[in-house]
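In: return atomic coordinates for the entry below.
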Amino acid sequence: MSKETRILIICILTALTATLAVTFAACRYLQVRSKAPAPEYIFFYAENQAADYPTTLGAQYFADLAYERTQGRIKILVKHSAELGSESEVLQQMSYGGIAFARVSISQLAEYVPEMNVLQMPYLYDSSEHMWRVLDGEIGDDFRNKPESYGLVGMSWYDAGARNFYSTKPIEKLEDLEGMNIRVQESEVMADMISALGANPAKIVYSEVYSALEQGIVEAAENNWPSYESMGHYKVAKYYTLDEHTRVPELQLASKVIWDTLSEADRQILMDCAKESSLYERQLWSEREKSSRKIAQAAGVTTINLSLSEKQRFREAMSSVYSKYCGEDMDILNQIMEY
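Out: Next comes the predicted model:
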């Protein structure tokens with residue numbers, strides 16, 4: 001046998017040995033994986049924001065924690081971008097257990113749980129720190145538990161930032177709003193707030209706000225920094241007034257129908273995971289807010305800061321709104337303001 005032949009045989013044997021080793025390893029992996037227990041529960045989580053939005057990322061963090069801490073027994077599938085329907089449709093499905101978990105704005109939740117209206121009153125909080133003092137305390141716990149009597153279990157609070165006015169002309173004082181046409185979301189509270197400030201509320205679908213501003217159908221709209229930036233509204237409304245008229249928190253919810261089927265131990269695990277995901281989402285929100293503000297300002301947006309005295313004038317204009325929506329809850333409203 002020639003030297004070249006021997007070398008060729010050695011190479012072939014080496015290759016075969018390596019192939020067998022890889023094949024054995026792959027078979028071993030599949031064998032081990034096949035022994036992993038299948039999830040005992042598979043639940044859907046509804047989220048109407050995009051995949052990279054802070055609330056969606058917070059939801060996924062919650063799902064990952066739950067899977068890890070139940071050793072794979074509970075698997076939660078996060079469906080974003082309103083794949084499972086609008087927030088109001090999701091709430092309806094949760095009432096009979098069609099959807100297990102969701103993140104919902106207080107604005108929508110208040111349509112089903114009227115007691116939550118207090119938390120979305122305009123000019124309720126002085127700052128983000130003020131809001132979290134309230135929500136992380138006894139008052140927040142009390143409100144978090146209110147949905148249970150409506151078939152929903154409140155798990156943890158999520159941040160959605162502060163909503164401010166942005167416009168095609170400066171808003172520096174209360175008089176600047178007089179007669180202005182301002183786009184608002186489908187919310188009676190928001191419409192009444194705009195009217196109380198002396199402006200005209202215009203309910204326009206969110207996807208059409210850009211063209212409405214561009215064409216002069218409305219002169220202003222209102223939203224948080226990330227929404228203002230991500231939808232490109234800063235290109236057609238160059239003034240952003242930091243009045244912080246609403247800080248509407250959002251709530252992670254569980255369907256009580258589903259919740260009641262779980263063991264007490266699993267419910268505690270899920271509650272802990274939800275609260276941890278809340279802290280994670282708040283940090284993501286803070287980072288996203290700073291990033292969006294930087295992008296808008298770099299594009300030439302003028303940021304207007306209201307003085308404390310002017311902001312107080314805006315708040316004083318809300319007396320009729322407070323009376324309409326918090327008639328029996330004025331004590332708790334005042335308690336929150338002074339907290």
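In: in contact with residue 297, which residues?
Out: Listed by CB atoms under 8 Å, 6 or more residues apart in numbering, the contact set of residue 297 reads residue 303. Placement of C-beta: from N, CA and C, glycine included.
In: report how many residues lie close to the residue lying closest to residue 213 once chain neighbours are set aside.
Out: Computed as CB to CB, 6 or more residues apart in numbering, the closest residue to residue 213 that is not its neighbour in sequence is residue 236, at 4.4 Å. Residue 236 has 17 neighbours, counted by other CB atoms under 10 Å.
In: list the buried residues in the helix or strand where residue 212 lies.
Out: Using DSSP states H and E, residue 212 sits in helix 209-214. For helix 209-214, burial by neighbour count (16 or more other CB atoms under 10 Å) applies to 209, 210, 212, 213.
In: so which elements touch it?
Out: If you count contacts as 3 or more CB pairs under 8 Å, 6 or more residues apart in numbering; DSSP states H and E, helix 209-214 packs onto strand 181-184, strand 220-223.
In: restrict the first one to CA atoms and write it as CSV.
Out: Presented in CSV, the C-alpha positions along strand 181-184 are these (Å, rounded to 0.1, in the frame of the first residue of the first chain):
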residue,chain,number,x,y,z
ASN,A,181,-59.2,72.5,16.9
ILE,A,182,-57.4,69.7,18.7
ARG,A,183,-57.4,66.0,17.9
VAL,A,184,-58.3,63.7,20.8
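In: quick one: contacts for residue 128?
Out: Per CB under 8 Å, 6+ apart, neighbours of residue 128: 159, 162, 247.
In: ditto for residue 268
Out: Here residue 268 is in contact with no residue (CB under 8 Å, 6+ apart).
In: how about the helices in the stretch 1-150 of the chain?
Out: 3-34, 54-69, 87-95, 106-109, 128-135, 138-145 (DSSP state H, counting those that start in this stretch).
In: give the next helix or strand downstream of whichever helix in the chain runs longest.
Out: Counting residues, the longest helix in the chain under DSSP state H turns out to be helix 264-298. Under the assignment DSSP H and E, the closest C-terminal helix or strand after helix 264-298 is strand 302-305.
In: which strands or helices does that next one pack on?
Out: Packing partners of strand 302-305 (3+ CB pairs under 8 Å, 6+ apart): strand 239-246.
In: and the strand it packs on, what does it pack onto?
Out: strand 163-167, helix 188-196, strand 302-305, helix 308-316.
In: which parts of the shortest one are buried?
Out: Neighbour-count burial for strand 302-305, counted by 16+ other CB under 10 Å, picks out residue 304.
In: ditto for stretch 142-153
Out: Result for stretch 142-153 [16+ other CB under 10 Å]: buried residues 143, 144, 146, 147, 150, 151, 152, 153.
In: the fifth one against residue 114, yeah?
Out: Yep, that's residue 150 we're talking about. No - between residue 150 and residue 114 there is no contact under CB atoms under 8 Å: 9.6 Å.
In: overlap of the contact sets of these two?
Out: Counting by CB under 8 Å, 6+ apart, nothing touches both residue 150 and residue 114.
In: just send the helices and strands packed on helix 209-214 back as TSV, with mean neighbour count too.
Out: Listed next are the helices and strands packed on helix 209-214 as TSV, based on neighbours: other CB atoms under 10 Å:
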stretch	mean neighbour count
strand 181-184	22
strand 220-223	24
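In: next, format the ones you listed as TSV and append distance to residue 102 and mean pLDDT.
Out: Conversion of those to TSV gives the following (distance: least, CB to CB, whole Å; pLDDT from 0 to 100):
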stretch	distance to residue 102	mean pLDDT
strand 181-184	24	96
strand 220-223	21	96
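In: quick one, which of these gets closest to residue 320.
Out: strand 181-184 (16.4 Å; CB to CB).
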